[in-house]
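Undergrad: Structure for the following, please:
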Amino acid sequence: MPALLDTHHHLDFLPDEARPPFLEAVDDDVWLVAQTLTPSSFVELVSQAAAWAPRPDVIPLFSLGLHPWSITSPSQADDELAVFEKAVERTRFIGEIGLDLSPRRVDEVPADLQRHVLREILRLVGRAADGSCADEPHVLSIHAVRSAGEVIGLFEELGLLRRNVVPVFHRFSGTSDELTTLIRLGGYISVQSQMLATKRGRAYVRQVPMDRLLLETDLPAARIDAALPAGAIAAGVAREVTNCLRETVRVLTELRGVELIPSLERSQARLYGV
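TA: Numbers count the residues shown, from 1 in each chain. Now for the predicted structure:
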């Protein structure tokens, strides 16, 4: 079976006790990039992984993130950025990061604070990526709501696309022109079933070159109640992840009219080493 990589998974949304059976239950041909919402949670997950993973070969790739929704104050952001600065030397996978400039989110986390955090993250990533091997790029999973053009502009301003840093926009929701600019600059989009359920999403995946498409699930959709049985949680989420990945491949293949797997495998290997 071809390897399917879920480039945007939320392992940290599972209760601690459900993680080992979940990793055991996931199909052998499915690999995971585990996004985190704060640098502190990244450090915690990585430190615990060897203890709760059922086998070393099922430990996912861990991604160092600071999600705009997880910023609570300037002081908390500075504390987390200090953790990020130390942790960024431990991984070349970064995410979930980004900007959410929707009115609701800006009311909760001011736009200028979000921008400060993202700029600092990208500065630290750029510094870490300088001098890195060309075949081991820093890969960033990006959340951008009403801000795709601004995020792309920040990459250009900081020269990150010349510094072995690759943006992967998760659930891309910008304009067609912004998508064209992203692809021209060397970026990717990660796709899942919800994006393919919209007319605009289907149009976008027809627009993007085959070698700039990646898979994701963004599952679990929310934190799962720890009161539920761990085995049932694990089995249900594992099944959902596998079904989501395979259905996404099926729909993408139908939309593009060609076999998608060979291109996916090359992109997964190039960016993630999987």
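Undergrad: Name the residues linked to Leu140 by a beta bridge.
TA: Ile94, Pro167 (DSSP bridges).
Undergrad: ok, now which ones touch it?
TA: Ile94, Gly95, Ile97, Val125, Val165, Val166, Pro167, Val168 (Cβ atoms under 8 Å, 6 or more residues apart in numbering). Any C-beta I mention is one placed from the backbone N, CA and C, and that applies to glycine too.
Undergrad: which one of those has the most neighbours?
TA: Greatest neighbour count in the contacts of Leu140, by other Cβ atoms under 10 Å, goes to Ile94: 31 neighbours.
Undergrad: Give me the residues contacting stretch 35-42.
TA: Against stretch 35-42 from outside (Cβ under 8 Å, 6+ apart): 8-10, 12, 45, 62-67, 69-70, 80-81, 83-84, 87, 91, 95-96, 141.
Undergrad: before we move on, the earlier item: how about TSV for the contacts of Leu140, with distance to Leu245 and pLDDT added?
TA: As requested, the contacts of Leu140 are exported to TSV (distance: Cβ to Cβ, whole Å; pLDDT from 0 to 100):
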residue	distance to Leu245	pLDDT
Ile94	22	98
Gly95	18	96
Ile97	23	98
Val125	27	98
Val165	26	97
Val166	21	97
Pro167	22	98
Val168	16	98
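Undergrad: Of the contacts of stretch 35-42, which belong to helices?
TA: Cross-referencing those against helices under DSSP state H gives Leu45, Glu80, Leu81, Val83, Phe84, Ala87.
Undergrad: quick revisit: any idea which of the contacts of Leu140 is the one closest to Glu254?
TA: Val168 (22.9 Å; Cβ to Cβ).
Undergrad: how near is that closest one to Gln268?
TA: Taking Cβ to Cβ, to the nearest Å as the measure, Val168 falls 11 Å from Gln268.
Undergrad: same check, this time on His116
TA: His116 is 33 Å from Gln268, by Cβ to Cβ.
Undergrad: Check Gln194 too.
TA: In terms of Cβ to Cβ, Gln194 sits 21 Å off from Gln268.
Undergrad: repeat for Glu17
TA: For Glu17, the distance to Gln268 - Cβ to Cβ - is 30 Å.
Undergrad: of the two, who's got more company?
TA: Neighbour count, other Cβ under 10 Å: between Glu17 and Gln268, Gln268 has more, with 20 against 15.
Undergrad: wouldn't the more buried one be in contact with Leu213 here?
TA: No. With contact defined as Cβ atoms under 8 Å, Gln268 does not reach Leu213; the gap is 10.6 Å.
Undergrad: Tell me the secondary structure of Leu214, please.
TA: strand (DSSP: H, G, I helix; E, B strand; the rest coil).
Undergrad: hang on, it packs against Gln268?
TA: Yes. If you go by Cβ under 8 Å, Leu214 and Gln268 touch, sitting 7.1 Å apart.
Undergrad: Name the residues contacting each of these two.
TA: Listed contacts common to Leu214 and Gln268 are Leu5, Thr7; contacts here mean Cβ under 8 Å, 6+ apart.
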